[in-house]
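**Q** Build me a model from this:
(chains A and B)
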Amino acid sequence: MIDTLKSVSLPEGAEITLRLAGPLPRALAWFVDFMLRLFLTASLPALFTWLGKAGEGAYFLAIFVMWELYPILFEALWNGATPGKKALGIAVVNADGTPLRWPAAILRNVLRAADMLPIGYMVGLTSMAMDRQFRRLGDLAAGTIVIHREAATPRKGARRGQAQPVRPLAPAIALTALEQRAVLDFAERRATWSAERGEELAGLAAPLVAGLEGPAAVARLEAVAAALVERR
Amino acid sequence: MNEIEFAARHEAEWSELATAVEKRSATDAREVPRRFRRAVAELAVARDRQYRTSLLDRLHALVVAAHFAVHGARAGTRRSAIGTLWRFFVEEFPAEARRQWPFLAASAATFFGPFLGAIVALQFFPDFVYYLVSPDALANFQSMYDPANPRFGAGREVDTDVMMFGFYIANNVRIDLQCLAGGVFFGLGTLAALLYNGIFLGAIAGHLTQIGYGRVFWGFVAGHSAPELLGVVLSGAAGLMIGYALVAPGRVSRMVALRERGRQATTLIYGAALFTSGAAVIEAFWSSRASIPFEAKLAFGAATALLTLSLLFLGGRRGP
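**A** Numbers count the residues shown, from 1 in each chain, chains lettered A, B, ... in the order given. The predicted model follows:
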């Protein structure tokens, strides 16, 4: 089974869930980086020509920095993300959920040379396909994973609670924790569905909406959710 | 306290922590860990009380971001960067390299065996070189080290040196990378890269010596050969360590062995990077000077070799 979630226990006592990034966002991030580096590399000669032969050396050096050191420097110094990874909202972290440091950043990028073989990251892709955590060979050796980063502040325009206050109504039957969660999720995500879909879903909670149909069932379920929110 | 009251009471605190970890400036840095731990506790409470999913998600995202901010913070070091680098170079690196001596020995043998073998063999069977190197490449090298060639004349300018420096870095690092990355194919890639480069370089050196270009060639390579070849051997050793972890992981899984060996190998990689870039400096700014007499170049080469080897064998013996 493919599970893109990885649980990590923090020393502070909480368990956090990291969302692993699969081959597609990583390939896209690589492509963004590739285009960026291609652009920079192509614009470098203009910068260096006036230096003459020394400029040529500076160019070789800049190419080397750009293609070999770029991922190492960015991942070690910039929270585990190259500009491409940043753009895609992904980052490299150690498997235990701690931020990346120099040794791991160097090792995973040095072994990139093996992952790129024979063409187009075939080895890396094969390794990612066979590993539960989408790790390429460099990740396996360095003990790193690539995850999606979430912002600490909620996004603007994120879904809110109900628009108009609903009169709470205690559920007629005792609900398990999972059922309570389902009812709460229903009320929260109600606004993102069409009315028909909402009614169809509300109808599934038969014991709660006994006898009701259509909009009335939805209203009943929202009332129950309101009661759950207000419970102590 | 119900869910709404809970969220309202902590709202200000959460958004403050969020700003602090995202902007890294808003709050006093010493406050952040304390607030982080409080957010962790609040997440646990919210989970236990089965609060709304959106509230849990938000708290979780906050805790994850704060976790990376707190554990990613770098403490100010008391030693300067130069001091740390120096200490690593003369103490930690040689000690670690000696600890991994079987890999260093295997890497050195794989490289120097064919290298020396090719040199000696070509003195007695000169034509054998055509089995090892293509005639084109050979002609190229031959013209490069021709004593009559004005390329290594005194007229070479400083800016050409800078150009060659860039070129040497790029080229030598490519060889080092081949040796390293080949390790993940059970070490076979490393062995192949070491063998290939050993045979190739040995064939070139042997051939040039045999046809009488030895003075130019050995004069050119003397200065930088020790650090450069040590860089290759160190990369090879690091590659072999990675390969060995896969071939013979011991009493742990291959994954664990790979990570363990990989961590140890990074020290050798640092060393290889330092030696390789040092060699490129010498190669570009000293070795190519035709104005320096052959004897001085040999003496300088012997000195760098002595320095390199004594660093490797004697450095870091005193203990920290």
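**Q** Which residue would you name as the spatial centre of the chain?
**A** No chain specified, so I'll use chain A. When Cα atoms, centre = their mean is applied to chain A, the residue found nearest the centroid is residue A:148 (2.2 Å).
**Q** please go with chain B instead
**A** By Cα atoms, centre = their mean, chain B has its centre lying nearest to residue B:269, at 3.1 Å.
**Q** residues in contact with it?
**A** Taking Cβ atoms under 8 Å, 6 or more residues apart in numbering or on different chains as the definition of contact, the neighbours of residue B:269 are A:106, A:107, A:110, B:180, B:234, B:235, B:238. No exception for glycine: its C-beta is placed from N, CA and C like everyone else's.
**Q** For residue B:186, which three-state class applies?
**A** When the structure is reduced to helix, strand and coil (DSSP: H, G, I helix; E, B strand; the rest coil), residue B:186 reads as coil.
**Q** Could you check how far it is from residue B:199?
**A** Going from residue B:186 to residue B:199 by Cβ to Cβ, to the nearest Å gives 21 Å.
**Q** excluding its backbone neighbours, what's nearest residue 14?
**A** Defaulting to chain A. In space, not counting the residues next to it along the chain, residue A:14 is nearest to residue B:40; the distance is 4.3 Å by Cβ to Cβ, 6 or more residues apart in numbering or on different chains.
**Q** look at chain B instead
**A** residue B:62 (5.9 Å).
**Q** isn't that neighbour right next to residue B:15, touching?
**A** No - taking Cβ atoms under 8 Å as the contact criterion, residue B:62 and residue B:15 are not neighbours in contact, 9.1 Å apart.
**Q** Dig out what residue A:145 forms beta bridges with.
**A** Beta-bridge pairing of residue A:145, defined through DSSP bridges, involves residue A:93.
**Q** Let me know how buried it is, in neighbour terms.
**A** In terms of burial, residue A:145 registers 22 neighbours under the definition other Cβ atoms under 10 Å in any protein chain shown.
**Q** Identify the residues contacting residue 43.
**A** Looking at chain A here, since you left the chain open. The contact partners of residue A:43, by Cβ under 8 Å, 6+ apart, come to none.
**Q** my bad, the chain I had in mind was chain B
**A** Applying Cβ under 8 Å, 6+ apart, the residues near residue B:43 are A:14, B:56, B:59, B:60, B:63.
**Q** TSV for those, including distance to residue A:34?
**A** Putting the contacts of residue B:43 into TSV (distance: Cβ to Cβ, whole Å) gives the following:
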residue	distance to residue A:34
A:14	37
B:56	38
B:59	37
B:60	33
B:63	34
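**Q** now those: which count as buried?
**A** In terms of neighbour count (16 or more other Cβ atoms under 10 Å in any protein chain shown), the buried residues within the contacts of residue B:43 are A:14, B:56, B:59, B:60, B:63.
**Q** And the pLDDT for residue B:15?
**A** Confidence at residue B:15, expressed as pLDDT, is 83.
**Q** where does chain A dip in pLDDT?
**A** For chain A, the stretches with pLDDT under 70 are A:1-2, A:52-54, A:154-165, A:232.
**Q** returning to that earlier point: list the buried residues of whichever strand or helix holds the residue nearest to residue A:14.
**A** Element membership for residue B:40, per DSSP states H and E: helix B:31-48. The neighbour-count check on helix B:31-48 (16+ other Cβ under 10 Å) flags B:32, B:35, B:36, B:37, B:39, B:40, B:42, B:43, B:44, B:46 as buried.
**Q** got it, and stretch B:196-205?
**A** For stretch B:196-205, the neighbour count (16+ other Cβ under 10 Å) marks B:197, B:198, B:199, B:200, B:201, B:202, B:203, B:204, B:205 as buried.
**Q** model confidence over that stretch, on average?
**A** Per-residue confidence for stretch B:196-205 averages out to 89 on the pLDDT scale.
**Q** How is residue A:91 assigned, secondary-structure-wise?
**A** For residue A:91, the reduced secondary structure class is strand; criterion used: three-state DSSP.
**Q** how far away is it from residue A:81?
**A** Here the distance between residue A:91 and residue A:81 works out to 4 Å (Cβ to Cβ).
**Q** Can you work out which residues contact both of those two?
**A** With contacts taken as Cβ under 8 Å, 6+ apart, the residues that reach both residue A:91 and residue A:81 are residue A:149.
**Q** Please name the residues that touch residue 115.
**A** If you meant another chain, say so; for now it's chain A. The contact partners of residue A:115, by Cβ under 8 Å, 6+ apart, come to A:121, A:123, A:124, A:127, A:136, A:137, A:138.
**Q** that answer is for a different chain, and I need it for chain B
**A** Under the criterion of Cβ under 8 Å, 6+ apart, the contact partners of residue B:115 comprise B:198, B:199, B:201, B:202, B:205.
**Q** Chain A contacts on the stretch 201-320 of chain B?
**A** With Cβ under 8 Å from any Cβ of the partner chain as the criterion, the stretch 201-320 of chain B meets chain A at residues B:242, B:255, B:258, B:259, B:262, B:263, B:265, B:266, B:269, B:270, B:284.
**Q** Please pick the buried ones from those.
**A** With neighbours counted using 16+ other Cβ under 10 Å, those contain these buried positions: B:242, B:255, B:258, B:259, B:262, B:265, B:266, B:269, B:270, B:284.
**Q** Which ones among the residues you listed map onto helices?
**A** B:242, B:255, B:258, B:259, B:262, B:265, B:266, B:269, B:270 (DSSP state H).
**Q** now, among these, which is nearest to residue B:140?
**A** For these, the closest approach to residue B:140 (Cβ to Cβ) belongs to residue B:269, at 31.1 Å.
**Q** Looking at chain A, which helix is longest?
**A** The single longest helix within chain A, with elements called by DSSP H, is helix A:23-48.
**Q** Please name the nearest non-neighbouring residue to residue B:197.
**A** Nearest residue to residue B:197, sequence neighbours excluded (Cβ to Cβ, 6+ apart): residue B:175, at 6.1 Å.
**Q** let me redo that: residue B:176
**A** residue B:235 (4.0 Å).
**Q** returning to what we had before: so can I have CSV of the ones in helices among the buried ones among the residues of the stretch 201-320 of chain B next to chain A showing pLDDT?
**A** Written out in CSV, the entries for those read as follows (pLDDT from 0 to 100):
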residue, pLDDT
B:242, 91
B:255, 86
B:258, 88
B:259, 86
B:262, 86
B:265, 89
B:266, 87
B:269, 88
B:270, 87
